[in-house]
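> please work out how this folds:
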Amino acid sequence: MQTRKTLMISAAAVALTMAAPSAQAASAYVSLFGGASFLQKPGLSGTSKTHTTTYYFFKSSQSVDTSFKTGFVIGGNFGVDWGTFRTELELAMRGNKSSKTAHLKQTYQSAVHIGTAVYTNYNGFNTSTDKNVAAKLNLYSYSLMANAWYDFHDILPHGITPYIGGGVGLAEIQLSGSLNGAKINEKNDTVFAWQLGAGVSAPLTKSLTMFLDYRYFDADSAALKIEPGYHGGNITADFRDHSVLVGLRINL
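A predicted model of the protein is given here:
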């Protein structure tokens with residue numbers, strides 16, 4: 001319900017902006033872009049508790065510490081240029097692969113309630129892991145953003161135009177791959193996302209513009225899992241990305 005509400009708010013904000021009156025004739029455009037994704041080291045950790053009966057339960061906690069290689073960004077958008085401001089809806093995909101090793105910390109404990117007391121290590125089932133393991137993780141983000149950009153016209157020669165802006169929207173975060181030789185079942189979660197950026201554009205023809213920009217993209221607290229082999233461990237993942245993009249904008 002929260003995801004649907006955020007999506008509706010984001011789409012409505014852009015629709016209202018596009019419908020606003022303008023002193024200049026508005027022109028529509030589409031753009032395509034791609035570039036490099038530099039993912040900040042995400043925190044992958046969490047705790048879960050599973051009740052098998054009213055009195056008997058399992059509890060696990062886990063964390064995965066690894067870095068991610070330079071990845072990719074691809075995307076496109078539809079927008080309206082109002083003269084000084086531009087508003088747009090953007091679809092983008094980001095993807096990064098982990099390094100070959102990760103530091104895994106994991107505990108798994110059984111317990112039983114007897115009256116008001118809780119007895120841990122029930123039936124002797126208590127395990128822990130704290131070591132470097134083989135990793136082959138893939139972390140992806142699929143985002144829908146409502147953006148607004150401010151263009152600084154006529155301050156540089158040859159039609160070169162700096163701009164700043166940002167946006168809000170939704171991102172679906174996906175974790176897959178393998179850890180310590182065990183395949184991780186894909187688990188997705190959709191969370192609120194935002195971005196800020198700055199760049200510069202230059203006209204190539206009357207209808208075609210090239211642009212180069214930097215963006216900071218943030219989508220936090222995605223609820224994921226690392227299983228099987230890790231006792232159904234819940235984790236949260238923060239997707240915080242620095243992107244350098246190049247693209248083409250086509251006036252319609």
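> thought D151 was touching T84?
Yes - contact criterion C-beta atoms under 8 Å: D151 and T84 qualify, at 5.9 Å. Yep, even glycine has a C-beta here, placed from its N, CA and C like the rest.
> more neighbours, these two?
D151 (17 against 14; other C-beta atoms under 10 Å).
> dump the residue contacts of the more buried one.
84-86, 161-163, 201 (C-beta atoms under 8 Å, 6 or more residues apart in numbering).
> how does it look with 7 Å?
Neighbour list for D151: 84, 86, 161, 163 [criterion: C-beta atoms under 7 Å, 6 or more residues apart in numbering].
> tell me the one of those residues nearest A28?
Nearest to A28 out of the contacts of D151 is R86 (C-beta to C-beta; 10.4 Å).
> still on that earlier bit, buried ones only from the contacts of D151, please, as a PyMOL command.
For the buried members of the contacts of D151, the matching PyMOL selection, counting by 16 or more other C-beta atoms under 10 Å, is:
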select buried, resi 86+161+163
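> so which of the contacts of D151 belong to helices?
Applying DSSP state H to those, no entry is found in helices.
> in strands, which of the contacts of D151 fall?
86, 161, 163 (DSSP state E).
> next, format those as a markdown table and append distance to G76 and pLDDT.
Putting the ones in strands among the contacts of D151 into a markdown table (distance: C-beta to C-beta, whole Å; pLDDT from 0 to 100) gives the following:
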| residue | distance to G76 | pLDDT |
| --- | --- | --- |
| R86 | 15 | 97 |
| T161 | 20 | 97 |
| Y163 | 18 | 98 |
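> let's have the residues you listed in TSV, adding distance to F192.
Formatted as TSV, these follow (distance: C-beta to C-beta, whole Å):
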residue	distance to F192
R86	23
T161	30
Y163	24
